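1. coords please:
(2 chains)
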Amino acid sequence: MNEGHNTTDQTQYLTFHIAGEEYAVGILRVKEIITYGTLTTVPQTPPSIRGVINLRGSVVPVVDLAVKFGLPTSPVTDRTCIVIVELNFGAEPTVMGIMADSVSEVVELFSDDILPAPPFGTHVNTDFLRGMGKAGAKFVLILDIDKVLSASDIINPVSLGAAQPGLVSGAGG
Amino acid sequence: MDIDFQAILKTYVAESEEHLVRMEESLIGLETYPEDQKFLEAIFRGAHTIKGNAAGLGFPKVSEFAHAFEELLQQLRNRVLPVTKETITLLLRSVDALRQMIPDAIAGAKEIGPEHQALLAQLINKNAAPAEKQRPPTPQDTKPSQQPVRRRREDFHALVERADTVRVDIQKLDRMLNLAGEIAVAHGRLRQALETPTHPIDEALEAHGQLERLSLDLQEQIMKARMVPVGPIFRQYIRTVRDVAQASGKVARLLIQGDDVEIDLSMVEKLKDPLTHMIRNALDHGIEAPEVRRTKGKDPCGSITLKALHDGASIVIELIDDGAGINRNLIAARVRSMGVVAEPEQLSDQELFNFIFEPGFSTAEKITDLSGRGVGMDVVRRNIETLRGTVGVASRPDNGTTITIRLPLTLAIIEGFGVGIGDETYVLPLHAVLECIELPAEERHNNSSRGVINLRGHPLPYIRLRDWFGLTSPRPARENIVVIEVGRVKAGLAVDMLYGARQTVIKPLGKRFQELSAIAGSAILGNGRVALILDVPGLMREVIRAHGELGGSENESQGFLTARNDGPTPVRYH
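-> Numbers count the residues shown, from 1 in each chain, chains lettered A, B, ... in the order given. Reported below is the predicted structural model:
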């Protein structure tokens, strides 16, 4: 599960915001970050798949994790980004994009700083998390992107914390 | 497994498969011409190479098996044993066994399965050679844990399942490299012309024109590198014909024509199933039993011809049999009982025979009573349609049946027709588009997602693509209808804008979107955006199915088919 680091190692993570929460992905899995451009929606796909983009000649699907996690989607601003990540499922690596409201920073975490995710309280199904990273005073949710994105057609039941009425903007449909 | 070794194994598998196919082919040749030494030599060479390679890579069991195989061949070569049907069948079964054994050995199996063991014993018996090599498997050997072997075998299959490598002539590569270099130079020229404001615009245009030509050239070269000859694909069916004919008590041979015609590599895999189906059908229903053929004054050995040829911008593959042909009356009766057409007897042969490709037709209960080949032909058509091809059938009683498959030269580029809905652009394959008309004024107020318009006296059902795809953009005042035709069905798609025909390079959408039957792929537009390419047959099937589910009865959904005016015979569907 670890991306090749042992207990004394430190690993860099890219952190970004989705629906007010800060998430992290191991930096080795991030290919690039691009600004949000026009997406082509693909009909008959789950709402969490926002569409596809042209990434220098390859067609790359873009996933909105807010929809997937049952969180309110945020409006697109000029800070909205698409984080392009590389997944390992099956034999060939797959490239996908994750919508992020904004990208914040690269943090270095020792493996001691990564604590198991609590069984409830987070917005995200703990199966999708590698743990919670202690970055200074705050916690970031470290995503297991292979799991999150391979199960991208399944929309997860809204977890307890996300039950805030009146925030769903209706986008992504 | 380290990468180099894996690469070697991959080559070994590919080569072994080539040898096995050639051995099969020669074995069948040998069966027909037992005196011909060249077949024996060819089989011998193949077996020997497989044996040597297996030993070199550390697969002793495969090597042992191949050795026994070779020994038997030696006996045949020295005329110690005669070439009999039985021997040939044993050898063919051994080829099959080798085909399974090699992946198993690579996956880590140290022993061969019991049935292969038995086959080995048979080979050795036949050789009447001292059986010292045949050692009863010790319990220790026979329990290589099943689990890991199976798992790795799957990995392995993922490795070789698709023929995703191609050998390219080094000269072709050099030519591509040359072109790439020239393109770089042309880019420089264009840039220079653009950067100097005093330069006349002509120069930039000329540089641009040159760049365009070179790019097209390069594209063509790359396309060419993707092409492979059909010969090896066709030859695989020599074995199918032999086995199926034997199983059904018939005699038939496969003739191959045009084996040097090249097709796009990506089509090869998708052609295999349809061809197998068609050949089985030809043998099951087309070719008669030898005694029947004799009474008809035909050669008791039936012949099936697989033929490939170029025709304009398409590749044509024909499967011709000299069997009984399709029984028109039986098809007509079946069509009548299905209630699709009131007077099936009035239809032309062509129209009537095309019913064998209808899905409902083939799954009907009484299909075995039909001499026509209904079984699974809808699958054939569907597979060919995914290759953007068409399939047709012609038949004459007692003269046989010809099935014609037409395929585009390449799958990488299509002639597309762009349409717009709101901000989105969709591309339709041009061959599916018949014409475009403006949505009549009286239909503009129809807010439903579908309707029917009058197209020169014929009703044309249409759907609003915007609603079908659930797009939320507002509908413009004027809409257009693209008239499409799929098989015998004509229908309209209401869209906002018509952008016209354009050459479109297809980009795969990836596994994630494979399930979408209405979307064939994607293309990148001039402005860098992605446009989806519609799979028109898939879309139509979806629409018709949804219509049925929405409370329209079976008959009503057949009513969707009413709009047609493509033949001299007016046909009415209920």
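2. please count neighbours and contacts with C-alpha atoms only from this point.
-> Will do.
3. B:Glu318 pairs with what?
-> B:Lys307, B:Thr404 (DSSP bridges).
4. is the one helix or strand in chain A whose mean pLDDT sits lowest anywhere near chain B?
-> Of all helical and strand segments in chain A, the minimum by mean pLDDT, DSSP states H and E falls on helix A:145-150, at a mean of 83. No. Judged by CA under 8 Å from any CA of the partner chain, helix A:145-150 stays clear of chain B, getting no closer than 9.2 Å.
5. so B:Thr49, which state does it fall into?
-> Of the three states, B:Thr49 takes helix under DSSP: H, G, I helix; E, B strand; the rest coil.
6. and stretch A:21-32, end to end?
-> 21 Å (CA to CA, to the nearest Å).
7. residues contacting it, please?
-> A:3, A:11-17, A:83-87, A:106, A:139-145 (CA atoms under 8 Å, 6 or more residues apart in numbering or on different chains).
8. would you list the buried entries among those residues?
-> If you count burial by 16 or more other CA atoms under 10 Å in any protein chain shown, the buried members of these come out as A:11, A:13-17, A:83-87, A:139-145.
9. so who does A:Leu87 touch?
-> A:29, A:93-96, A:145-146.
10. give me the element the residue nearest the centre of chain B is part of.
-> Closest to where the C-alpha atoms of chain B average out (CA atoms, centre = their mean) is B:Leu271, at 1.9 Å. Using DSSP states H and E, the element containing B:Leu271 is helix B:265-281.
11. name the next helix or strand following that helix along the chain.
-> The element immediately downstream of helix B:265-281 (helix or strand, assigned by DSSP H and E) is helix B:290-295.
12. so for that following helix, what gets flagged as buried?
-> Neighbour counts over helix B:290-295 (16+ other CA under 10 Å) mark B:290, B:293 as buried.
13. residues in contact with it?
-> B:250-251, B:299-302.
14. state the mean pLDDT of that helix.
-> Helix B:290-295 shows a mean pLDDT of 90.
15. could I have the CA atoms of that helix written out in PDB?
-> Extracted C-alpha coordinates of helix B:290-295, given in PDB (Å, rounded to 0.1, in the frame of the first residue of the first chain):
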ATOM      1  CA  PRO B 290     -21.500 -36.000 -49.600                       C
ATOM      2  CA  GLU B 291     -24.200 -38.300 -50.900                       C
ATOM      3  CA  VAL B 292     -26.700 -35.500 -51.400                       C
ATOM      4  CA  ARG B 293     -24.000 -33.500 -53.200                       C
ATOM      5  CA  ARG B 294     -23.400 -36.500 -55.500                       C
ATOM      6  CA  THR B 295     -27.100 -36.800 -56.400                       C
END
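16. show me how far it is from its chain's centre.
-> Taking CA atoms, centre = their mean, to the nearest Å, one finds helix B:290-295 lying 34 Å from the centre of the chain it belongs to.
17. which parts of the helix or strand hosting B:Ser337 are buried?
-> Secondary structure from DSSP H and E places B:Ser337 in helix B:328-338. Within helix B:328-338, the residues that count as buried by 16+ other CA under 10 Å are B:328, B:331-332, B:334-335.
18. and stretch B:37-49, by the same measure?
-> By neighbour count on 16+ other CA under 10 Å, the buried set for stretch B:37-49 is B:39-44, B:46-49.
19. what distance separates the least confident helix or strand of chain A from the centre of its chain?
-> A distance of 9 Å separates the centroid of the chain from that of helix A:145-150, by CA atoms, centre = their mean.
20. got the contacts of helix B:290-295 as a markdown table, with distance to chain A, neighbour count and pLDDT columns?
-> A markdown table is the format used below for those (distance: CA to the nearest CA, whole Å; neighbours: other CA atoms under 10 Å in any protein chain shown; pLDDT from 0 to 100):
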| residue | distance to chain A | neighbour count | pLDDT |
| --- | --- | --- | --- |
| B:Lys250 | 44 | 20 | 87 |
| B:Val251 | 44 | 22 | 88 |
| B:Asp299 | 51 | 15 | 89 |
| B:Pro300 | 50 | 19 | 88 |
| B:Cys301 | 47 | 18 | 89 |
| B:Gly302 | 45 | 22 | 90 |
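21. and the residues you listed as JSON lines, adding secondary structure and distance to B:Arg512?
-> Listed next are the contacts of helix B:290-295 as JSON lines, based on DSSP: H, G, I helix; E, B strand; the rest coil; distance: CA to CA, whole Å:
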{"residue": "B:Lys250", "secondary structure": "coil", "distance to B:Arg512": "45"}
{"residue": "B:Val251", "secondary structure": "coil", "distance to B:Arg512": "46"}
{"residue": "B:Asp299", "secondary structure": "coil", "distance to B:Arg512": "52"}
{"residue": "B:Pro300", "secondary structure": "coil", "distance to B:Arg512": "51"}
{"residue": "B:Cys301", "secondary structure": "coil", "distance to B:Arg512": "48"}
{"residue": "B:Gly302", "secondary structure": "strand", "distance to B:Arg512": "46"}
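22. what about the nearest residue to B:Arg466 once chain neighbours are set aside, how many residues nearby?
-> Closest residue to B:Arg466 apart from its sequence neighbours, by CA to CA, 6 or more residues apart in numbering or on different chains: B:Ile421 at 6.6 Å. By the criterion of other CA atoms under 10 Å in any protein chain shown, B:Ile421 has 21 neighbours.
23. residue of chain A nearest chain B, please.
-> Residue nearest to chain B within chain A: A:Pro43 (5.2 Å; CA to the nearest CA).
24. now do the contacts for that residue.
-> With CA under 8 Å, 6+ apart, A:Pro43 has these contacts: B:469-470.
25. that one and B:Arg466, how far apart?
-> Relative to B:Arg466, A:Pro43 is positioned 10 Å away (CA to CA).
26. which residues of chain A fall in helices?
-> Secondary structure of chain A, counting by DSSP state H: helices at A:65-68, A:145-150.
27. got the CA positions of the first one in CSV?
-> Just to be clear, that refers to helix A:65-68. The C-alpha trace of helix A:65-68 is given here as CSV (Å, rounded to 0.1, in the frame of the first residue of the first chain):
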residue,chain,number,x,y,z
LEU,A,65,-15.1,13.7,-6.3
ALA,A,66,-17.6,16.1,-4.6
VAL,A,67,-20.4,14.4,-6.5
LYS,A,68,-19.0,11.0,-5.8
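28. for that helix, name the packing helices and strands.
-> Of the remaining helices and strands, none touches helix A:65-68 by 3 or more CA pairs under 8 Å, 6 or more residues apart in numbering or on different chains; DSSP states H and E.
29. likewise the longest one?
-> Helix A:145-150 makes packing contacts with strand A:81-88 when contacts are defined by 3+ CA pairs under 8 Å, 6+ apart.
30. SS state for B:Leu309?
-> strand.
31. what sits closest to it if chain neighbours are left out?
-> Ranked by CA to CA, 6+ apart and with sequence neighbours excluded, the top spatial neighbour of B:Leu309 is B:Val316, at 5.3 Å.
32. so which helix or strand takes in that neighbour?
-> strand B:314-321.
33. next: B:Cys436.
-> Per DSSP H and E: B:Cys436 is located in strand B:433-438.
34. you'd agree B:Met176 is in a strand?
-> No. The assignment for B:Met176, made by three-state DSSP, is helix rather than a strand.
35. tell me the pLDDT at A:Ile154?
-> Confidence at A:Ile154, expressed as pLDDT, is 37.
36. and if you look at B:Glu542?
-> pLDDT at B:Glu542 comes out at 84.
37. got the contact list for it?
-> By CA under 8 Å, 6+ apart, B:Glu542 lies in contact with B:517-518.
38. try it again at 6 Å.
-> By CA atoms under 6 Å, 6 or more residues apart in numbering or on different chains, no residues touch B:Glu542.
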